[in-house]
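J.: Fold the following and give me the result.
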Amino acid sequence: MSTETLISRLDGCGVKSLPPYGKDYLDGLPGSHSLEVVIGTNGWGFAKRRHKITLVLPYDEDPQNYRWPAHEYGALVYERGQYCDDRLSAMAKTLLEAGNPFVVAIREGLARPMRPDVYFYPEVKYVAA
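T.: The predicted structure is shown next:
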């Protein structure tokens, strides 16, 4: 069964839909090496410029409204535009609940090479870097 057929059947059963670019991400597996998500007011532009498939949480949406994939290597969340600690925490919590072993967040303008800004693990709310 194709990914598109499976998605349309799940969507028809009241199951949450994938986030924007979610189908492209699933179609690209197993070649994807991580799950990348962008949130914030500048999220769409960031995702469109990337060479790698990056899922988008639309700015006014709750992450719980979508069915997020999980990846064994964890998830990377980029926050672009206006910062919101509660929104970032909600996104990380949702990705952890989806089965990602950890979430690393990088905020625009704050990231330093090889040093993400915030780490999220299932056991703790967050750890500032």
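
J.: contacting residues for the most centrally placed residue in the chain?
T.: Closest to where the C-alpha atoms of the chain average out (Cα atoms, centre = their mean) is Val37, at 3.0 Å. Contact analysis of Val37 by Cβ atoms under 8 Å, 6 or more residues apart in numbering lists Pro19, Thr54, Leu55, Val56, Leu57, Trp68, Ala75, Leu76, Val77, Tyr78, Met91, Leu95. Heads up, the C-betas are built off the backbone N, CA and C, glycines and all.

J.: just checking, next helix/strand downstream of the helix or strand where it lies?
T.: Using DSSP states H and E, Val37 falls within strand 35-39. Next in sequence after strand 35-39, counting helices and strands by DSSP H and E, comes helix 43-49.

J.: Need the CA coordinates for that next one. CSV is fine.
T.: Extracted in CSV, the C-alpha atoms of helix 43-49 (Å, rounded to 0.1, in the frame of the first residue of the first chain):
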residue,chain,number,x,y,z
GLY,A,43,8.8,28.9,9.8
TRP,A,44,7.4,28.6,6.3
GLY,A,45,10.2,30.5,4.6
PHE,A,46,12.8,28.6,6.5
ALA,A,47,11.3,25.2,5.5
LYS,A,48,11.1,26.2,1.8
ARG,A,49,14.8,27.2,1.7
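
J.: tell me what it is packed against?
T.: strand 55-56 (3 or more Cβ pairs under 8 Å, 6 or more residues apart in numbering; DSSP states H and E).
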